[in-house]
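**Student:** the sequence and its predicted three-dimensional model are supplied below.
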Amino acid sequence: MAFGELRESIRVLGQTPELWISGAVAGALGAILWILFNLSGVFFTSRLVILAGLTMVLFVAGSFGRIKGPGTGTGAMLRYGVQYYFRVLLPWLVIMSVLLLVFVTITLVTVLFGENATDYMVTGVLAVLVMVPTLFVTFFCDTAAVFEDLRIFESLRRSITLTAAHAGEVLGFYVTCCLIAFADLFVFALVWEGMLYPELAPLAQDNQTQLANITPQQVIALIGPDGIWVTALTIFLALLFLVPVLLTYKACFFRALAGTPAPVQQMAGEFDSKGRWYKY
């Protein structure tokens, strides 16, 4: 199912060009945040990350709504974005709030009772063990909210039950998404390196120890102002292709998954001579 719906998502993207708007917006926001980070620092940029995320919700909801319903053009996509904005946003706010609460609780317990670095390492492991399964089973809450017109907790419950019933197919979906993201980032990393080869050439003379100790600030200083703009362009192009593909793939996969009946588990047993069922 995973690769079949990937082909379907490519077909939908080809027939619905307005879906690429989400990639253009994500790329523009990513490039702007990168430039502001280098100009103003992390304090100012971190505040704009929230605003950028809230802006992207509009286009995520619009993309899902456009795939679901009728209408053509950017206007229809924006109307769907406004219509489903809070149905997409609120379930994710609930998820993030729960994860944040769990993380803060684990951190406080570690700070109060932890005595060495191992305790803090255990904190990180516990946080990951909570975060990964939670995101695994609730990832389709936004598509459930849009495609099935569900409210906050109904969409979360729908995502959990659907994922539990089709865990194998969902795992294949995640693996495919990771491969798509890796391929996209790898290709544009090569493009970035090729465009900045003269600036990055001195790194070829460093040994393994020097390369392992180099910091992001040193790389930024090495590529210079022109390299910052080239990096912003690379971020824009990478997200321009990656975001629409993943959003469309997610919508098509959920649509197919929701239409697939849950597998029936056959219990082992037998009927006696009077027609009564006995389970082993």
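**Tutor:** Looks like it arrived, so ask away. Here the structure is a predicted model, which is why all the values come from computation and not from measurement.
**Student:** from now on I want contacts and neighbour counts done on CA atoms only, so please keep to that.
**Tutor:** Will do.
**Student:** may I have the secondary structure class of Pro70?
**Tutor:** coil (DSSP: H, G, I helix; E, B strand; the rest coil).
**Student:** Thr16 versus that one, what's the distance?
**Tutor:** As judged by CA to CA, to the nearest Å, Pro70 and Thr16 stand 11 Å apart.
**Student:** centre of the chain to the helix or strand harbouring Leu222, how far?
**Tutor:** If you go by DSSP states H and E, Leu222 is part of helix 216-258. In terms of CA atoms, centre = their mean, to the nearest Å, the centre of helix 216-258 is set 12 Å apart from its chain centre.
**Student:** do stretch 86-99 as well
**Tutor:** Worked out by CA atoms, centre = their mean, stretch 86-99 lies 14 Å from the chain centre.
**Student:** which residues are in contact with that stretch?
**Tutor:** Under the criterion CA atoms under 8 Å, 6 or more residues apart in numbering, residues 57, 61, 130-131, 138, 141-143, 145-146, 150-153, 155-156 lie in contact with stretch 86-99.
**Student:** identify each buried residue in it, please.
**Tutor:** Buried residues in stretch 86-99, counting neighbours by 16 or more other CA atoms under 10 Å, are found at Phe86, Arg87, Val88, Leu89, Leu90, Pro91, Trp92, Ile95, Leu99.
**Student:** the strands in this structure, which residues?
**Tutor:** For the chain, the strands defined by DSSP state E cover 269-271, 277-279.
**Student:** closest to Phe254 among the buried residues of stretch 86-99?
**Tutor:** Nearest to Phe254 out of the buried residues of stretch 86-99 is Val88 (CA to CA; 14.5 Å).
**Student:** quick revisit: of the buried residues of stretch 86-99, closest to Leu211?
**Tutor:** Nearest to Leu211 among the buried residues of stretch 86-99 is Leu99, at 35.3 Å by CA to CA.
**Student:** follow-up on the earlier one: who's more crowded, Pro70 and Thr16?
**Tutor:** Shown here are Pro70 and Thr16; by other CA atoms under 10 Å, Thr16 has more neighbours (15 against 9).
**Student:** let's see the pLDDT reported for that one.
**Tutor:** If you check Thr16, the pLDDT there is 90.
**Student:** and the gap between it and Thr231?
**Tutor:** Thr16 sits 29 Å away from Thr231, going by CA to CA.
**Student:** how about Ala24?
**Tutor:** Here the distance between Ala24 and Thr231 works out to 16 Å (CA to CA).
**Student:** so these two - more neighbours on which side?
**Tutor:** Each of Ala24 and Thr231 has its neighbours counted (other CA under 10 Å); Thr231 has more, 24 against 19.
**Student:** so what's that one up against?
**Tutor:** Thr231 makes contact with Ala31, Trp192, according to CA under 8 Å, 6+ apart.
**Student:** need the residues that contact stretch 193-206.
**Tutor:** With CA under 8 Å, 6+ apart, stretch 193-206 has contacts from Leu211, Leu222, Ile223, Gly227, Val230.
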